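Asker: Take this sequence and fold it.
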Amino acid sequence: MGRYRPPRKRGSKYITPQGEQALRDELHRLWKEERPQVTQAVHEAAKNGDRSENGDYIYGKKRLREIDSRVRFLGKRLEELEVVDRAPADLNEVFFGAWVTLEDAAGEEKRWRIVGPDEFNIAQGKLSMDSPMARALLGKALDDEVQVKTPEGVQQYYITAITYDV
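Answerer: Residues are numbered from 1 along each chain as shown. I've put the predicted structure just below:
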């Protein structure tokens with residue numbers, strides 16, 4: 001079996017200003033802080049002689065490859081991203097960047113923000129705009145009913161609030 005993997009489908013190209021800044025901070029940290037430290041550690045490990053059994057050297061080289069790969073990815077990705085830094089004309093509809101409060105049939109409320117695929121974080125309440133839940137929400141208005149297919153079946157939610165960070 002070969003190492004070929006088909007290319008993954010690219011996520012949407014939109015990102016919030018906070019998400020873009022987080023990616024730029026990660027790029028800076030990797031390139032200006034972590035990579036020089038790992039390079040120095042590899043240099044010191046190389047002085048110890050036999051590199052084939054030198055764990056510090058082997059791990060350091062592997063970490064350098066990981067850093068370089070991530071730096072290349074971030075550089076290319078930041079070039080193609082489009083920052084959405086303004087609210088839409090209609091603040092009563094769900095668009096990119098919206099904070100949406102949903103109520104389920106049991107009366108429990110959850111609050112989600114629709115963000116780009118590079119910045120989603122379920123623990124922080126950030127949904128990727130490419131996710132099934134976000135796709136079901138996009139274009140809906142306040143008090144609309146939303147149906148989302150889940151592994152447990154179709155779930156129904158009601159939109160109780162829509163806000164935007166401006």
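
Asker: what's the following helix or strand after the strand or helix carrying residue 28?
Answerer: Element membership for residue 28, per DSSP states H and E: helix 17-28. As assigned by DSSP H and E, the chain's next helix or strand after helix 17-28 is helix 35-46.

Asker: Determine the set of other helices and strands touching that following helix.
Answerer: Packing partners of helix 35-46 (3 or more CB pairs under 8 Å, 6 or more residues apart in numbering; DSSP states H and E): helix 55-80. Where you see a C-beta, it was placed from the backbone N, CA and C, and this is true even at glycine.

Asker: buried stuff in the helix it packs on?
Answerer: 57, 60-61, 63-64, 67, 71, 74, 77 (16 or more other CB atoms under 10 Å).

Asker: partners of the next helix or strand after that helix, with directions?
Answerer: Downstream of helix 55-80, the next assigned helix or strand under DSSP H and E is strand 82-83. As defined by DSSP bridges, the strand partners of strand 82-83 come to strand 14-15 (parallel).

Asker: that older thread, between the helix holding residue 28 and helix 55-80, how many degrees?
Answerer: 140 degrees (axes from the mean of the first three to the mean of the last three CA atoms, to 10 degrees).

Asker: quick check, distance from helix 17-28 to the centre of its chain.
Answerer: 11 Å (CA atoms, centre = their mean, to the nearest Å).

Asker: got a list of contacts for it?
Answerer: The contact list for helix 17-28, computed with CB atoms under 8 Å, 6 or more residues apart in numbering, reads 15, 70-71, 74-75, 77-78, 81, 83, 85, 115-116, 118-119.
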